[in-house]
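Enquirer: fold the following, please.
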Amino acid sequence: MDEPIVHSMKLQAKYFEEISKGIKRYEGRIFDEKRKSLNLRDIIEFTNESNDAVLRAQITELSFFKTFRDGLSKKDFIYVVPGANSLDKAEQTYMNIPGYREKEAEFGTIFIKFELMN
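Expert: Have a look, this model is predicted:
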């Protein structure tokens, strides 16, 4: 069996904190070239953009969707964007990221489920 690959992903402080507390269980991203290298059991090092703190997590599930809305509705948006009180607000979180609307149409999306490592 291949050794897991370690991938790096930067997060805003609030999402980093939600992961550390076990509230956020999925990370949604554009399914671009960088994300195409993800595999089950690989390791993600989430880095807090505010203070460079790092959390390590193992990928337990990879799901692919045409749009963020599709993924957010299938994966229960509250575990992807915990602060959102509706599917529309959760989707808007992604659509507010510059370029994401265009990249979503071009590449689709990936939803990554993970478990924190000790």
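Enquirer: mind pulling up the pLDDT for Gly28?
Expert: pLDDT recorded at Gly28 is 97.
Enquirer: which of the helices or strands spans it?
Expert: strand 26-30 (DSSP states H and E).
Enquirer: what of Phe46?
Expert: In the assignment (DSSP H and E), Phe46 maps to strand 43-48.
Enquirer: show me the contact partners of that strand.
Expert: 4-11, 13, 16, 19, 27, 53-59, 112, 114, 117 (C-beta atoms under 8 Å, 6 or more residues apart in numbering). To be clear about C-beta, it is placed using only N, CA and C from the backbone, and glycine gets the same treatment.
Enquirer: returning to what we had before: so the strand holding Gly28 versus strand 43-48, what angle?
Expert: 90 degrees (axes from the mean of the first three to the mean of the last three C-alpha atoms, to 10 degrees).
Enquirer: which neighbours does strand 26-30 have in its sheet, and in what orientation?
Expert: strand 109-116 (antiparallel) (DSSP bridges).
Enquirer: identify the residues contacting the strand it pairs with?
Expert: 19-20, 22, 25-31, 35, 38, 44, 55-68, 70-71, 74-75, 80.
Enquirer: just confirm Gly71 is within a strand.
Expert: No: Gly71 sits outside any strand when classified using DSSP: H, G, I helix; E, B strand; the rest coil, being helix.
Enquirer: my guess is it contacts Val81. True?
Expert: No: between Gly71 and Val81 there is no contact under C-beta atoms under 8 Å: 10.9 Å.
Enquirer: which secondary structure element contains Glu17?
Expert: helix 13-20.
Enquirer: buried ones in the lengthiest strand in the chain?
Expert: Counting residues, the longest strand found in the chain (DSSP state E) is strand 54-65. By neighbour count on 16 or more other C-beta atoms under 10 Å, the buried set for strand 54-65 is Leu55, Ala57, Ile59, Phe65.
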